[in-house]
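Participant: model this:
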Amino acid sequence: MAEGAGFFTRLTNLWKGFVSLWISDIEKEHPEIAYENAINSMIEKYTKLKKATAAIIRRREEVSERLAASTKELAQITADLNVAVETNQDDLSVVLIQKKNVLEKDVADLKADLETSSKDADSAKSSLMNVQGEIKKLKAEKDNMLAKMASAQARIRINDQLEGLSVDAEVKALDNVREHIKNTIAQANLGAELKSTDLDERLKALRSQSGDVTAKSQLAELKAAAAAKKAAQKTM
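Facilitator: Predicted structure coming up:
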């Protein structure tokens, strides 16, 4: 039975540890949650301390009121005792002396109690003010740290964007364009080279040259015929 209880205790502790780690991870991702939790926890403690301080102050006031009443009653008993002694009322004097002794002890005890209550009240008020100050500091720290966090996140986003805008990508893109242009020019040059070595083109050029030769030969024949005709006319 004890082993079973120990197992469930370990399982519970394990679960608590897991939840704690899970919450810790969430708070890292969302620090405002961690600050809010801490602030709310301190506010809750402040509220409890405020109630406790109020109770201490109320007790101090009650002790002070009792001391004032006992002091007043002691003064009245002392005055009555003096009158009883002066009027030789011994039996009444004895009773008044007993009451005076009791009241003097009560007054002494109440003074000591009041001193302690006053110190407790001052200490409680000091603690209350300290907690209040810590809450204000924590709220200011929250605003400051969250602002720094937002600034850091903005810088990270800007750096990521700047890295994404690196000139390497643009240079690589231009390199591809340059290579495409060079390939296109090379293809055009290759077409011209192939055209200059084509047999049909060479044959066409040859026939063009042949036509020029034939025309020149015919021209020479015509000139020779014209010269012969002129020579025959001179002979006649």
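Participant: next one: phi and psi at N88?
Facilitator: Main-chain dihedrals, N88, degrees, to the nearest 10: phi 60, psi 40.
Participant: secondary structure element for the residue most central in space within the chain?
Facilitator: By C-alpha atoms, centre = their mean, the chain has its centre lying nearest to M149, at 3.5 Å. M149 is located in helix 90-164, with elements delineated by DSSP states H and E.
Participant: Check which helices and strands that helix is in contact with.
Facilitator: helix 31-86 (3 or more C-beta pairs under 8 Å, 6 or more residues apart in numbering; DSSP states H and E). For the C-beta atoms, the positions are set from N, CA and C on the backbone; glycine is no exception.
Participant: tell me what the helix it packs on is packed against?
Facilitator: Here helix 31-86 touches helix 2-29, helix 90-164, going by 3+ C-beta pairs under 8 Å, 6+ apart.
Participant: in stretch 58-73, what counts as buried?
Facilitator: Across stretch 58-73, burial judged by 16 or more other C-beta atoms under 10 Å covers 59-60, 63, 66-67, 70.
Participant: now stretch 214-228
Facilitator: For stretch 214-228, it's none, nothing buried (16+ other C-beta under 10 Å).
Participant: Please work out the average pLDDT along that stretch.
Facilitator: Stretch 214-228 carries an average pLDDT of 75.
Participant: Break the chain down into its structural domains.
Facilitator: Per the record, the chain has its domains at 2-165, 204-236, by automatic domain parsing.
Participant: What pLDDT does the model give E62?
Facilitator: 95.
Participant: Likewise for E170?
Facilitator: At E170, the model reports a pLDDT of 60.
Participant: before we move on, what about the one 4 residues further on?
Facilitator: In this model, L174 is scored at 74, pLDDT.
Participant: ok, it to A186 distance?
Facilitator: Going from L174 to A186 by C-beta to C-beta, to the nearest Å gives 18 Å.
Participant: D106 now?
Facilitator: Look at D106 and A186: by C-beta to C-beta, they are 118 Å apart.
Participant: circling back to that earlier point, among the helices and strands packed on helix 31-86, which gets the worst mean confidence?
Facilitator: helix 2-29 (a mean of 51).
Participant: burial of S127, as a residue count?
Facilitator: The local packing count at S127 equals 14, with neighbours defined by other C-beta atoms under 10 Å.
Participant: who touches it in this structure?
Facilitator: By C-beta atoms under 8 Å, 6 or more residues apart in numbering, the residues touching S127 are 49, 53.
Participant: what's the distance between it and M149?
Facilitator: S127 is 32 Å from M149, where distance means C-beta to C-beta.
Participant: Please apply the same query to L114.
Facilitator: Separation of L114 from M149 (C-beta to C-beta) stands at 51 Å.
Participant: Over to N176?
Facilitator: Computed as C-beta to C-beta, the N176 to M149 distance reads 41 Å.
Participant: Span of stretch 83-94 from start to end?
Facilitator: Start-to-end span of stretch 83-94 (C-alpha to C-alpha, to the nearest Å) is 12 Å.
Participant: and that stretch, how far out from the chain's middle?
Facilitator: How far stretch 83-94 lies from its chain's middle: 84 Å, per C-alpha atoms, centre = their mean, to the nearest Å.
Participant: one step back: using a markdown table, lay out the helices and strands packed on helix 31-86 together with distance to H180.
Facilitator: Formatted as a markdown table, the helices and strands packed on helix 31-86 follow (distance: least, C-beta to C-beta, whole Å):
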| stretch | distance to H180 |
| --- | --- |
| helix 2-29 | 47 |
| helix 90-164 | 25 |
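Participant: Show the contacting residues for the closest residue to the residue nearest to the centre of the chain other than its chain neighbours.
Facilitator: The shortest distance from M149 to any residue other than its chain neighbours is 6.1 Å, reached at P31 (C-beta to C-beta, 6 or more residues apart in numbering). Applying C-beta under 8 Å, 6+ apart, we find P31 in contact with 145-146, 149.
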